[in-house]
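A.B. asks: Here's a sequence, model it:
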Amino acid sequence: MTNPYTAPIPPAPRPPDGRPLHKRVLVWVGGAALLVTGTLIGAAGNDGQQPVEAKVKPATTVTATVTTTPEPGPTVTETVKAKPKPGPTVTVTRTTTAKTANSGSNSTGNTGQDDTEPCTITSNAGNCYSAGQFCRNSDHGAVTTTAGGTKIECSYSSNAWRWTYV
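C.D. replies: Presented below is the predicted three-dimensional model:
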């Protein structure tokens, strides 16, 4: 067995850049020489050719045209009052009999009106209306009689204007 204290010492580790300084300087000088040589050869190597001149092309001109439309002028509004629609025209015709001088009293109990009073408002066909039929717009609120003499009125009923009994 060998004595660990008397063993040979290993060599010292190498520095990070193991090349000597003079070799590093030669690499830098050689690289710079190649750069200068390439630049000189490139500048002198035109072989008698004319250098190309860069001609400037005319720039494209863009023209923008703006067309404005005038704002609309003030609007004049004329207020017209609505004329009221004329109300229904009701024509009532009463037929009475002339009293004779002889009759002192009315024995039948009539009030002087005839029981068969004709209808005053008729349909477009000329017929008398009866209760439940629809009214014309011009007859709203009017009162007339049926063919039998019963009074009916044009009133708003069941979402419509109809002839109803008074």
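A.B. asks: quick one: contacts for residue 136?
C.D. replies: Neighbouring residues of residue 136 by Cβ atoms under 8 Å, 6 or more residues apart in numbering: residue 124. (C-beta placed from N, C-alpha, C; glycine too.)
A.B. asks: gap between it and residue 126?
C.D. replies: 14 Å (Cβ to Cβ, to the nearest Å).
A.B. asks: and the gap between residue 93 and residue 144?
C.D. replies: Computed as Cβ to Cβ, the residue 93 to residue 144 distance reads 11 Å.
A.B. asks: Report the set of residues contacting both of the two.
C.D. replies: If you check residue 93 and residue 144 against Cβ under 8 Å, 6+ apart, the residues they both contact are residue 120.
A.B. asks: who has more neighbours, these two?
C.D. replies: In this comparison of residue 93 against residue 144, neighbours counted by other Cβ atoms under 10 Å, the higher total goes to residue 144 at 22 against 8.
A.B. asks: Helix, strand, or coil at that one?
C.D. replies: At residue 144 the chain is in strand, as set by DSSP: H, G, I helix; E, B strand; the rest coil.
A.B. asks: ok, the closest residue in space to it that isn't next to it in sequence - contacts?
C.D. replies: Leaving out its chain neighbours, the residue that sits closest to residue 144 by Cβ to Cβ, 6 or more residues apart in numbering is residue 121, at 4.0 Å. Residues counted as contacts of residue 121 (Cβ under 8 Å, 6+ apart) are 90, 91, 129, 139, 142, 144.
A.B. asks: how about a cut-off of 7 Å?
C.D. replies: By Cβ atoms under 7 Å, 6 or more residues apart in numbering, the contact set of residue 121 is 129, 139, 142, 144.
A.B. asks: Run a quick neighbour tally on the nearest residue to the second one once chain neighbours are set aside.
C.D. replies: Ranked by Cβ to Cβ, 6+ apart and with sequence neighbours excluded, the top spatial neighbour of residue 139 is residue 154, at 4.5 Å. Residue 154 is flanked by 24 other residues according to other Cβ under 10 Å.
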